[in-house]
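Engineer: below is the sequence, then the predicted model.
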Amino acid sequence: MKVLVPIKRVIDYNVKVRVKPDHSNVDLANTKMAINPFCEIAIEEAVRLKEAGIATEVIAISIGDKSCQEQLRTALALGADRAIQIETDENLDALNIAKLLQKVVEEEQPQLVILGKQSIDSDNNQTGQMLAALTGMPQGTFASEVKFIDDKVNVTREVDGGLQTVALSLPAIVTTDLRLNEPRYATLPNIMKAKRKPLVVRPAADFGIDLSPRTKLLKVTPPAERKAGVMVKSIDELIDKLRNEAKVIS
């Protein structure tokens, strides 16, 4: 079984995000970048499937400029067999990313596409669902457990009411949630081996897709700073502040 794992290059989750002075976008200068955490979970799950003898090949793919090769090499060090970079300097929205991935799915014919449920920069939570709609493949989103039974994959989903399990016929698309697994660290020997694994670069223009943006970024602002809390001496004082200052009770 061939598994395709799309990954995204984002600001490391440990880094404090800075906004440009003109509020045009996030400032990426001298900022540590990493694989999106949900994408790391997807890679880990794909590698575990290979280690269990269920998957035969794991392919990592990323869309972006040359800098995303760093994250693809990390994915190779974590256990992916080969990597594909779709090269573009444009900041693509979710629909255009899904259209490019659709073309790769048609070429590679994977039995499973597993990707993070969302990226921590835009938090759109759209690409997996859009890819499923474009390819006509069944989808299991927010997966906290993935099990293969016969020719189906059972996906336990985290929903508002608790847990839901869906049985999907292959080929299928799965998006990962935080509790699916705990990603491993890349070891030095595997990092060295990753340098010799194949990484193919393909221009986005080769896929013949109109990549005109459907959305427009108007302004980026940092979140409002939280005010310091205050200590109250009694329940009556607390109620008074909630009623008259916070105005959350009447």
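Structural biologist: Looks like it arrived, so ask away. Bear in mind the structure is a predicted one, so any value in this text is a computation, not a measurement. Numbering: from 1, shown residues only.
Engineer: pretty sure residue 132 contacts residue 171?
Structural biologist: No: with contact defined as CB atoms under 8 Å, residue 132 does not reach residue 171; the gap is 10.5 Å. Quick note: C-beta positions are derived from backbone N, CA and C, even for glycine.
Engineer: and the residue nearest the centre of the chain, what is it in contact with?
Structural biologist: Of all residues in the chain, the one closest to the mean position by CA atoms, centre = their mean is residue 116, 3.5 Å from it. The contact partners of residue 116, by CB atoms under 8 Å, 6 or more residues apart in numbering, come to 7, 8, 36, 37, 38, 39, 40, 41, 42, 175, 176.
Engineer: neighbours of the residue lying closest to the fourth one once chain neighbours are set aside, how many?
Structural biologist: Read it as residue 37. In space, and not counting its chain neighbours, residue 37 is closest to residue 13: 5.8 Å by CB to CB, 6 or more residues apart in numbering. Residues lying near residue 13 (other CB atoms under 10 Å) number 11.
Engineer: residue 63 now?
Structural biologist: With other CB under 10 Å as criterion, residue 63 counts 23.
Engineer: pLDDT at the residue nearest to it when sequence neighbours are not counted, what is it?
Structural biologist: Sequence neighbours aside, residue 86 is the residue nearest to residue 63 in space, at 4.5 Å (criterion: CB to CB, 6+ apart). Residue 86 is assigned a pLDDT of 96 by the prediction.
Engineer: ok, residue 86 touching residue 200?
Structural biologist: No: Residue 86 lies out of contact with residue 200 (CB under 8 Å); the separation is 9.7 Å.
Engineer: neighbour count for those two, which is higher?
Structural biologist: residue 86 (24 against 12).
Engineer: enumerate the positions of the helix or strand containing that one that are buried.
Structural biologist: Using DSSP states H and E, residue 86 sits in strand 82-87. Buried residues in strand 82-87, defined by neighbour count with 16 or more other CB atoms under 10 Å: 82, 83, 84, 85, 86, 87.
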